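Visitor: After the sequence you'll find the predicted model.
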Amino acid sequence: MRQASLIRAEPVSLADLEAKVEQGHLFAVLDACDADWVPQFVDGMGEAHAVSLYRGEPEELYWAIAPYLVLLDQAGLAWITKHALDDEAWGMFIVADISFVDLRRHLRGFLRVLAPGGETLYFRFYDPRVLPAFLASCTRDEITRFYGPINDFVITDASAGNFQQLSREAGNARAGDERPRISIRRRR
């Protein structure tokens, strides 16, 4: 028996993203690991609008490959859509009605996961090659926890040449789910 999907993927236009910027609700997580332009781009935005998701020693050690949270303005969105979309794994957009600080706090809780053998690993949820597969493997409770205050994730679909909005389906449950293969461990 095929289970109903808990995530709905729909095309979203650049105009829709621009409207979210005007409302102050569009963020990006930029992946410096796969896009070497990210640290310089982030430096140009300043700490009030761009900050590493890592803190402390990991932030110091991995600044050149870290994920960065950015509150987008029209210029930032325009730059990303003009220059970065050719990079397959530059990161993703997030639509959320919360503050920059609160979104960073929420996302930091998912940077490390507990593997089945008990080992703690970094989790690159912000990689658009990883996010759809991860969401497809989640239970309803895991999706609820992962999305939290986030309305939607938006990734580029290079094969289709557009943006895909990943939204939660309301009311769908995955019957028969047992323990997840990867445990999401929240850290504050």
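Guide: Okay, I see it. Owing to the predicted nature of the structure, the values given are computational and were not obtained by experimental measurement.
Visitor: rest of the way, CA atoms for contacts and neighbours
Guide: Noted.
Visitor: From the opening residue of stretch 108-119 to its closing one, how far?
Guide: Between the opening and closing residues of stretch 108-119 there is a gap of 18 Å (Cα to Cα, to the nearest Å).
Visitor: Pull out the buried positions in it.
Guide: Arg108, Gly109, Phe110, Leu111, Arg112, Val113, Leu114 (16 or more other Cα atoms under 10 Å).
Visitor: How about stretch 126-143?
Guide: Buried, per 16+ other Cα under 10 Å, within stretch 126-143: Tyr126, Asp127, Pro128, Arg129, Leu131, Pro132, Leu135, Ser137, Cys138, Thr139, Arg140, Ile143.
Visitor: Generate a markdown table for those, with secondary structure as supplementary columns.
Guide: As requested, the buried residues of stretch 126-143 are exported to a markdown table (DSSP: H, G, I helix; E, B strand; the rest coil):
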| residue | secondary structure |
| --- | --- |
| Tyr126 | coil |
| Asp127 | coil |
| Pro128 | coil |
| Arg129 | coil |
| Leu131 | helix |
| Pro132 | helix |
| Leu135 | helix |
| Ser137 | helix |
| Cys138 | coil |
| Thr139 | coil |
| Arg140 | helix |
| Ile143 | helix |
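Visitor: so of the buried residues of stretch 108-119, which ones are in strands?
Guide: Arg112, Val113, Leu114 (DSSP state E).
Visitor: Give the bridge partners for the first one, please.
Guide: Spelled out, it's Arg112. Beta bridges link Arg112 to Tyr122 when assigned by DSSP bridges.
Visitor: my read: it touches Phe123, true?
Guide: Yes: applying Cα atoms under 8 Å, one finds Arg112 in contact with Phe123, separated by 5.3 Å.
Visitor: any chance of the ones in strands among the buried residues of stretch 108-119 in TSV, plus pLDDT?
Guide: TSV is the format used below for these (pLDDT from 0 to 100):
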residue	pLDDT
Arg112	93
Val113	91
Leu114	90
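Visitor: Between these, which sits nearest Leu6?
Guide: Val113 (21.1 Å; Cα to Cα).
Visitor: quick one, what contacts Arg124?
Guide: Leu111, Val130 (Cα atoms under 8 Å, 6 or more residues apart in numbering).
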